[in-house]
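**Student:** Return a 3D structure for these sequence lines:
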Amino acid sequence: MKNTITILLSISIGLLFIVSAATKIYPMEPFEYQFVDIGVASWKTAPYMARFFIGLEFFLGMLLILNISLRKFTLKFAVALLVFFCIYLTYKIIIEGNTGNCGCFGEAVKMTPLQGILKNVALIATCIVCYFSTEKDFWNLKWKKIVTPVLFIASMCLGFFVYPLDATFSSTMDKANINYKVPLELMYSKDQKETPTIDLRNGKHIIAFLSLTCPHCKIAAQKIYIMHKKNPDIPFYLALNGDKELLTEFFDETHAESIPHNLFLGAKDWIQIAGISLPIIMYVENSVVRKKCNGLELDQEDMETWLQK
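**Tutor:** Presented below is the predicted three-dimensional model:
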């Protein structure tokens, strides 16, 4: 009876770890940004760290499903990893409040940090029950020596094969079309219900044109928020489009409400300024577009270099 309980619990926990790893893979950027946000990685090292943790979750999930070294290693490691996640989510609540997505299941299943903590505590309790119900190891030493390292290597490679480091999404943006004057005066017209509180027509600005309902725009806003935290001197501005009722949800997910922004309404004016690609981020100098990029291509070092010229 105990063996049956152990097998069922172990497989259930393992499946949750694998689902958690799989749902973080696409899109992976929000998961990467969390490592930069808490200061344990740079923009260059975060993609590697994210793929490492995804691989670690997948490896642990497979060990649990296959019931390999449950008492000796696997369950202890699972509890340690879950405790680490709880500590991180507690820190997140202290710094940002219980808002936004904890990232436990990527963008597929959105949970608040507190919900993530409660989920992890339930998993820790299940691991403890599984630990005390385990009577023996189901694998002999010979097979463990073969299966375990193969699983580990395959798991560590998973993120790099499924979502390569140079992964991009399709965009109709014409990045070669630059050095033209963009009609920013349309954002200040009397027909706009909200107008920018700063003069974007003069000086250098990084203007992000984002839709409140576009998932790629939300990812871009998350990245801009972290860059803004790292360097508040970068003159970001968010030109947002969408229903005002969606603003709260947008900022709950992105935490970007501290960045200057306004709701820019009107499809015709929007297309004249931003075009049809979303998201689009423009390096603007005295109303002239010097460079354009999408959210994934945003480079803090490149922006800082351009601003110093």
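**Student:** From now on I want contacts and neighbour counts done on CA atoms only, so please keep to that.
**Tutor:** Noted.
**Student:** wait, what's in contact with Asp243?
**Tutor:** Leu212 (C-alpha atoms under 8 Å, 6 or more residues apart in numbering).
**Student:** Distance check, it against Ser20.
**Tutor:** 32 Å (C-alpha to C-alpha, to the nearest Å).
**Student:** which strands and helices sit next to the longest helix belonging to the chain?
**Tutor:** As assigned by DSSP state H, the longest helix anywhere in the chain is helix 2-25. Secondary-structure packing of helix 2-25 (3 or more C-alpha pairs under 8 Å, 6 or more residues apart in numbering; DSSP states H and E): helix 46-65, helix 113-133.
**Student:** Might you quantify the distance of that helix from its chain's geometric centre?
**Tutor:** 23 Å (C-alpha atoms, centre = their mean, to the nearest Å).
**Student:** So what angle separates the directions of it and helix 113-133?
**Tutor:** Per axes from the mean of the first three to the mean of the last three C-alpha atoms, to 10 degrees, the angle that helix 2-25 makes with helix 113-133 is 150 degrees.
**Student:** next SSE after helix 2-25?
**Tutor:** helix 29-37 (DSSP states H and E).
**Student:** could you say what helices and strands that next one packs with?
**Tutor:** So helix 29-37, by 3+ C-alpha pairs under 8 Å, 6+ apart, packs with helix 46-65, helix 215-230.
**Student:** and the ones you listed as TSV, adding distance to Gly103 and mean pLDDT?
**Tutor:** Putting the helices and strands packed on helix 29-37 into TSV (distance: least, C-alpha to C-alpha, whole Å; pLDDT from 0 to 100) gives the following:
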stretch	distance to Gly103	mean pLDDT
helix 46-65	12	95
helix 215-230	13	94
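**Student:** these two touch, right, Ile124 and Leu82?
**Tutor:** Yes - Ile124 lies in contact with Leu82 (C-alpha atoms under 8 Å); the separation is 6.8 Å.
**Student:** got a pLDDT number for the closest residue to Leu212 other than its chain neighbours?
**Tutor:** With C-alpha to C-alpha, 6 or more residues apart in numbering as the criterion, Leu212 has its nearest non-adjacent residue at 5.4 Å, and that residue is Gly242. Predicted confidence (pLDDT) for Gly242: 88.
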